[in-house]
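>>> Got a predicted model here, sequence first, then my questions.
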Amino acid sequence: MNVVNKRLVFEQRSDSENLDAIPSKSLPDGTMEFLLVLAPGFSQLCLSSFISPLLYANRLSGREQFRWKLISDDGTPVVCASGVRVCVDASLGEEAKLLKSNRLPAGIAICTGEGIEHYQSGPLVALLRLCARRNVRLYGLGTGAWILAAAGLLSDTRCTIHWDMMAAFSETFDGLKLTDALFVEQGGIVTCAGEFAAFDLAISLVERRCGADVARSVCRFLTADRWREGESYQSTPPGLRFNGASERLIRIIRMMENSIDEPLSLGAISRLEGLSRRQIERLFLRHLQTPPMRYYLLLRMARARQLIELTDMSVLEVAITCGFTSSSHFSKCFRDHFTQAPSSLRRG
């Protein structure tokens, strides 16, 4: 159930800006160049996870396959979430001039972090729209998809964002085809959950550009035993994917996640999955050490916290969106779980 009016921070793109599938571009010397735009508070882990595989693909293949430039709003250093000040190569304005002169990179990637819902940059939106018109591929890393959506670039496009932002993202923007995945590519848009998922995205670029042998060599050099497919879930409970858990358990969890606003009873889950209540209870106790309906409540509380912290929805609106029939019952459950009232967690 959607109880809030959707809103966009920036006006929508015109229909004339086409985002059909496009080939990757290379510089005259055959190198793929990426512009990496750093927003204040960006994730250093995400940035390093994306750049390092490209760096070692260059070294292990014996030639410069990839090149990158770090960009900020005004060309000054940017402080990341961990407090490290990172120097950049150019400003948004300088890169816009190069784009207008037809020096086109293979892609422009936005690397962001927490608090992205408060970040606004008119020059960045203008640059992104210019890139879209010039068929330069757009990458939203981590919470960077928020900027793409705010610029009107994700309408009717499959996309993803870090799992902690999914609830607020879907409630804030209309027309999204949001999916729980590590990264999603559609036409000229690539969105990525960020953090270690940026590594998986970068390795997929290396494999496509340099071949599977180089991709495996990069993983081996970086002591990674493998890389994950883009469509892999990002929000499966830690360890559950690798501990032999039943596929049925994972399906039930997905069912719960997709029915937050209208919670299913254990009997309904039992009928839909074709298992007895006792079998479902045993699955949850064996793999998650908690009863199924308790786990379901934890999912609803986690969704509620995201909406409280990252949107301006009222407590009643959040309660209804998370399947509660009254704000008083919701507030009690919230206090029991987080030991704080919902209103005390409002940011800013």
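Ah, there it is.

>>> quick one: the residue nearest to residue 307 when sequence neighbours are not counted from residue 30, how far?
Nearest-residue entry for residue 307: residue 318, 4.7 Å, with adjacent residues in sequence omitted and distances by Cβ to Cβ, 6 or more residues apart in numbering. C-beta: built from backbone N, CA, C; applies to glycine. Using Cβ to Cβ, to the nearest Å, residue 318 is found at 52 Å from residue 30.

>>> Could you check which of those two is surrounded by more residues?
residue 318 (26 against 9; other Cβ atoms under 10 Å).

>>> Can you show me the helices along the stretch 1-150 of the chain?
Remark: helices assigned in the stretch 1-150 of the chain by DSSP state H, counting those that start in this stretch are 44-61, 92-100, 122-133, 144-150.

>>> Export those to CSV and append columns for mean neighbour count and distance to residue 176.
Written out in CSV, the entries for the helices of the stretch 1-150 of the chain read as follows (neighbours: other Cβ atoms under 10 Å; distance: least, Cβ to Cβ, whole Å):
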stretch, mean neighbour count, distance to residue 176
helix 44-61, 20, 21
helix 92-100, 16, 25
helix 122-133, 19, 17
helix 144-150, 27, 7
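
>>> so who does residue 273 touch?
Contacts here follow Cβ atoms under 8 Å, 6 or more residues apart in numbering; on that basis residue 273 touches 248, 251-252, 255, 280.

>>> Domains of this protein: list them as residue ranges, please.
Following automatic domain parsing, one finds the domains of the chain at 32-221, 240-345.

>>> Tell me which of these sits nearest to residue 234.
Ranking those by proximity to residue 234 (Cβ to Cβ) places domain 32-221 first, at 4.7 Å.

>>> Can you measure across that closest one, start residue to end residue?
Taking Cα to Cα, to the nearest Å as the measure, domain 32-221 stretches 22 Å from start to finish.

>>> Off-centre distance for stretch 283-298?
Relative to the mean C-alpha coordinate of its chain, stretch 283-298 is positioned 26 Å out (Cα atoms, centre = their mean, to the nearest Å).

>>> what mean pLDDT does that stretch have?
In this model, stretch 283-298 carries a mean pLDDT of 92.

>>> Name the residues of it that come out as buried.
With burial defined by 16 or more other Cβ atoms under 10 Å, the residues of stretch 283-298 counted as buried are 283-284, 287-288, 292-293, 295-297.

>>> before we move on, the earlier item: so which of the contacts of residue 273 is the closest to residue 125?
Checking the contacts of residue 273 against residue 125 with Cβ to Cβ, the nearest one is residue 255 at 37.6 Å.

>>> quick one on the thing from earlier: got the contact list for the helix or strand the residue nearest to residue 307 falls within?
Following DSSP states H and E, the helix or strand that holds residue 318 is helix 315-321. Contacts of helix 315-321 with the rest of the structure, by Cβ under 8 Å, 6+ apart, involve 1-4, 171, 260-261, 303-304, 307-308, 311, 313, 325-327, 329-331, 342-343.

>>> what do you get for stretch 322-337?
When contacts are defined by Cβ under 8 Å, 6+ apart, stretch 322-337 is touched by residues 259-263, 297-298, 300-301, 303-305, 307, 315-316, 318-319, 340-342.

>>> Report the mean confidence score over that stretch.
Stretch 322-337 shows a mean pLDDT of 93.

>>> in it, what's buried?
Within stretch 322-337, the residues that qualify as buried are 322-324, 327, 330-331, 333-334, counting by 16+ other Cβ under 10 Å.

>>> so what's the residue lying closest to residue 146 once chain neighbours are set aside scoring on pLDDT?
Leaving aside its sequence neighbours, residue 146 sits nearest to residue 116 (Cβ to Cβ, 6+ apart; 4.7 Å). Here, the pLDDT recorded for residue 116 equals 88.

>>> hang on, isn't residue 116 packed against residue 42?
No - between residue 116 and residue 42 there is no contact, the gap being 9.3 Å when judged by Cβ atoms under 8 Å.

>>> hey, what's in contact with both of those two?
Common neighbours of residue 116 and residue 42 (Cβ under 8 Å, 6+ apart) do not exist.

>>> May I see the ChimeraX selection of the buried members of the contacts of residue 273?
Those of the contacts of residue 273 that count as buried under 16+ other Cβ under 10 Å are selected in ChimeraX with:
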select :252,280
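
>>> right, and residue 96 touches residue 128 too?
No - because the distance of 10.4 Å does not satisfy Cβ under 8 Å, residue 96 is recorded as not touching residue 128.

>>> check contacts around the closest residue to residue 96 other than its chain neighbours.
By the measure of Cβ to Cβ, 6+ apart, the closest residue to residue 96 outside its immediate chain neighbours is residue 127, 5.3 Å from it. Listed by Cβ under 8 Å, 6+ apart, the contact partners of residue 127 are 37, 92, 95-96, 99, 108.

>>> now do residue 111
36-39, 42-43, 46-47, 50, 141-142, 144.

>>> Mind pulling up the pLDDT for it?
The pLDDT attached to residue 111 in the predicted structure is 97.

>>> so where is the chain shaky, pLDDT-wise?
Counting by pLDDT under 70, the chain contains low-confidence ranges at 1-29, 236-245, 347-348.

>>> Would you state the strands of it in chain order?
Along the chain, the segments classed as strands by DSSP state E run 32-38, 66-72, 78-79, 85-86, 90-91, 107-111, 137-141, 158-159, 177-178, 183-186, 189-192.
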